[in-house]
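*Asks:* take a look and give me a structure for this.
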Amino acid sequence: MVMNWLTLLLYRFHTPGFYFKGQSNRKVIYLTIDDGPNDNTPNLLHWMNENQIQATHFWPGEKIKQRPTVFSQLGSQFAAFHGYTHRKYSRLSDFEIQEELTQLDSLQVMHLPEFQSWFRPPYGAWKPGLNKRLTQNGFHLIFWNFMFKDWLPDFSPDEISRRKKEWLKNGVILVFHDKPEYKDRLKESLLRVKLICTEHNFELSCLPSLK
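*Replies:* Numbering: from 1, shown residues only. Presented below is the predicted three-dimensional model:
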C-alpha cells in the first residue's frame, strides 16, 4: 500500500528524509510498527528482543499516558510519536496541531534514550507547514515506503513473500501495526520479514536516531 498520491507528491517536494537511500556497503530495511502500546505490547517487545528483531514503534501520546511504564520494557527497541490522539492532522487547525504537540511535550519522554525524535502523523495525513511546526517542536517528520494492510482480518503473512520484489529495496521504510487481535499474525509477519532479509543479505533495523 502506498500513500495517497497527493500527500506523497506534496511530501516529496516539501520534506527531506522521505526515505533513506542507504549506504553503498549496506543493504537495509527499516522496520516500523504503528499504533501501540496496548495490553499485549509488553509481550510483543519481549518477543522481538528475544528474536533479535529491532524496530521503531510509533505510539500515540494518549496511549503512552495510559501505560507510562512501557518505555522501561522496550529493551533494544525504540519508540517515537504517532500524534497524541491519533487524529488526521490534515483536518486539524494549526492551533489544534500545536495543542497536540504541547500535550506530547508534557509527557516528558523525549529525553529518554529509548525515544527517537521521529514523528509519523496518524493515517499519513499531512498538510503544508506541518514539517516546519514539527521541527520547531523538536520532531522530525517521517512516513514510509511500503505498508501491508495488516490491520484487516483477511491479511495473510504469505503476502509478504509474494510481494518481496516490491518492498525488498535498500532504504525502504516498512510499516506494520500493533493490534492485539492480530498479535500472533504480527509475530509471524515479522519472522517472515526477517527471514527474507537474511536470505537476501539485508539488515533489518530500526530507524536511525537523529539525536
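
*Asks:* ranges for the strands of the chain?
*Replies:* 28-34, 56-59, 78-81, 115-119, 140-141, 146-147, 173-177, 203-205 (DSSP state E).

*Asks:* of those, which is nearest residue 128?
*Replies:* When the strands of the chain are compared by C-beta to C-beta, strand 140-141 sits nearest residue 128, at 12.0 Å. Heads up, the C-betas are built off the backbone N, CA and C, glycines and all.

*Asks:* what's the closest one in contact with?
*Replies:* Applying C-beta atoms under 8 Å, 6 or more residues apart in numbering, the contact partners of strand 140-141 are 15, 17, 117-121, 126, 130-131, 134-135, 210.

*Asks:* and of those, the nearest to residue 151?
*Replies:* Looking at those and their distance to residue 151, the nearest is residue 120, at 15.0 Å (C-beta to C-beta).

*Asks:* tally of neighbours for the closest one?
*Replies:* 23 (other C-beta atoms under 10 Å).

*Asks:* what's it in contact with, if anything?
*Replies:* Contacts for residue 120 (C-beta under 8 Å, 6+ apart) come out as 32, 34, 58, 80-82, 141-144.

*Asks:* before we move on, what about residue 73?
*Replies:* Shown in contact with residue 73 (C-beta under 8 Å, 6+ apart): 41-42, 45-46.

*Asks:* go again with 6 Å.
*Replies:* 42, 45 (C-beta atoms under 6 Å, 6 or more residues apart in numbering).

*Asks:* what average pLDDT does stretch 138-151 get?
*Replies:* Taken as a whole, stretch 138-151 has an average pLDDT of 93.
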